[in-house]
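Novice: for reference, the sequence and a predicted model appear below.
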Amino acid sequence: MSDDHELAARLARRAGERLVELREGSTAEPRALGDAGDAAAHQLLVEALAQERPADPVLSEHGVAGPERVPGERVWIVDPLDGTREFTEAGRTDWAVHVALAERHEVIASAVALPAQGVVLDTGAPPKQPTRPIERPRIAVSRSRPPEFVTAIAAEIGADLVPMGSAGAKITAVVLGEVDAYLHGGGQYEWDSAAPVGIARAAGLHTSRLDGTELVYDRPDPWLPDLLVCRRELAVDLLAALSDRIEGSR
Ligand SMILES: Nc1ncnc2c1ncn2[C@@H]1O[C@H](COP(=O)(O)O)[C@@H](OP(=O)(O)O)[C@H]1O
């Protein structure tokens, strides 16, 4: 049997290829294209996991599948298309496929594909962190729903904001050293962050809720509305700046 890291990477890549094909040939309206992409990638992942890991349940943004979930036992948490809106905008590359496996409420294997960038990362071989010094931190934030406190945080610590779509694309940008941090507040679900957070942790980055507590996956309610992923050397300053401002953002 293939290992879980390799399986996650293979499935994220395959779903990404399917999405690229769909997007290239499409003349559909954006909403219909997004729905078609979500449905096609969901079906591909659910069918492949049923075949390769029949004992494991699947929690997808677009429905649950497989055997019943048992709290704390293995569960695949997948977002077949993260950044659906960006997927439907020609030329944008900030959309992703997320495949994560959680056990004991932690991600133990995962992969993220950024199909339009030709990138697939997985927990089996996480990239090494760049050693460059941080002169002026770059913080990735949602392009459509940035938390209202981010401008004040950026001013306080002397950072620049980099708006981007897709939680997976933003966390991958931190993992690859293109930005130094990603912070999000105000709403998200476990599937939006599980896979890329697994890779960020494997790569040695800081990952937490905005109040510094652990990100816990596979809870009965998948709502996981805020998170911080950043280079370790920024975590103390960012958490201090956040501590005054997270009230009302979660
Ligand atoms: N306030 C909010 N409530 C619920 N989901 C949110 C949210 N803000 C962002 N998200 C989800 O997080 C993902 C990344 O968002 P963003 O691009 O704004 O950073 C998107 O997932 P999907 O594209 O899978 O729906 C988006 O729907």
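Specialist: Okay, I see it.
Novice: which residues are in contact with the residue of the chain found nearest the ligand?
Specialist: Across the chain, the shortest distance to the ligand (CB to the nearest ligand atom) belongs to Gly187, at 2.5 Å. Every residue, glycine included, has its C-beta placed from N, CA and C. Taking CB atoms under 8 Å, 6 or more residues apart in numbering, we find Gly187 in contact with 145, 223, 225.
Novice: contacting residues around Ala155?
Specialist: Per CB under 8 Å, 6+ apart, neighbours of Ala155: none.
Novice: which of the contacts of Gly187 has the largest number of neighbours?
Specialist: Using other CB atoms under 10 Å as the neighbour definition, the contacts of Gly187 reach their maximum at Pro225, which records 15 neighbours.
Novice: near the ligand, which residues of this protein?
Specialist: When proximity is defined as CB under 6 Å from any ligand atom, the chain approaches the ligand at 61, 79, 82-84, 142, 144-145, 165-167, 186-188, 192.
Novice: scan these and report the most crowded one.
Specialist: Neighbour counts for these (other CB under 10 Å) peak at Asp79, which has 32 neighbours.
Novice: helices or strands up against the helix or strand it falls within?
Specialist: For Asp79, the element it lies in under DSSP states H and E is strand 75-82. Here strand 75-82 is seen to pack against helix 30-52, strand 58-60, strand 96-103, helix 167-175, helix 190-202 when contacts are counted using 3 or more CB pairs under 8 Å, 6 or more residues apart in numbering; DSSP states H and E.
Novice: and it, how far out from the chain middle?
Specialist: For strand 75-82, the separation from the chain centroid amounts to 9 Å (computed by CA atoms, centre = their mean, to the nearest Å).
Novice: what strands line up against it, and which way round?
Specialist: Strand 75-82 has the following strand partners under DSSP bridges: strand 58-60 (parallel), strand 96-103 (antiparallel).
Novice: so which of those is the most packed in?
Specialist: Relative to the other members of these, strand 96-103 carries the highest mean neighbour count by mean count of other CB atoms under 10 Å, namely a mean of 29.
Novice: roughly how far is the next helix-or-strand element following that one from the heart of the chain?
Specialist: In the C-terminal direction, the helix or strand that comes right after strand 96-103 (DSSP H and E) is strand 106-114. Distance of strand 106-114 from its chain centroid, counting by CA atoms, centre = their mean, is 8 Å.
Novice: and strand 106-114 with helix 190-202, angle?
Specialist: For strand 106-114 and helix 190-202, the angle between their directions (axes from the mean of the first three to the mean of the last three CA atoms, to 10 degrees) works out to 100 degrees.
Novice: what lines up beside strand 106-114 in the sheet?
Specialist: Taking DSSP bridges as the criterion, strand 106-114 pairs within the sheet with strand 96-103 (antiparallel), strand 119-122 (antiparallel).
Novice: for Arg209, state which of the residues of the chain next to the ligand is nearest.
Specialist: Taking CB to CB as the measure, Arg209 sits nearest to Gln188 out of those, at 11.0 Å.
Novice: and the strands paired with strand 106-114: which comes nearest Glu29?
Specialist: strand 96-103 (22.1 Å).
Novice: relative to helix 30-52, how tilted is that closest one?
Specialist: Relative orientation of strand 96-103 and helix 30-52, computed by the same axes, to 10 degrees: 40 degrees.
Novice: what residue ranges in the protein score low on pLDDT?
Specialist: Within the chain, the stretches falling below the threshold (pLDDT under 70) are 1, 247-250.
Novice: identify all contacting residues around stretch 16-33.
Specialist: By CB under 8 Å, 6+ apart, the surrounding residues in contact with stretch 16-33 are 36-37, 40-41, 44, 81, 85, 87-89, 95, 97, 113-116, 120.
Novice: give me the domain ranges for this structure.
Specialist: 4-122, 138-243 (automatic domain parsing).
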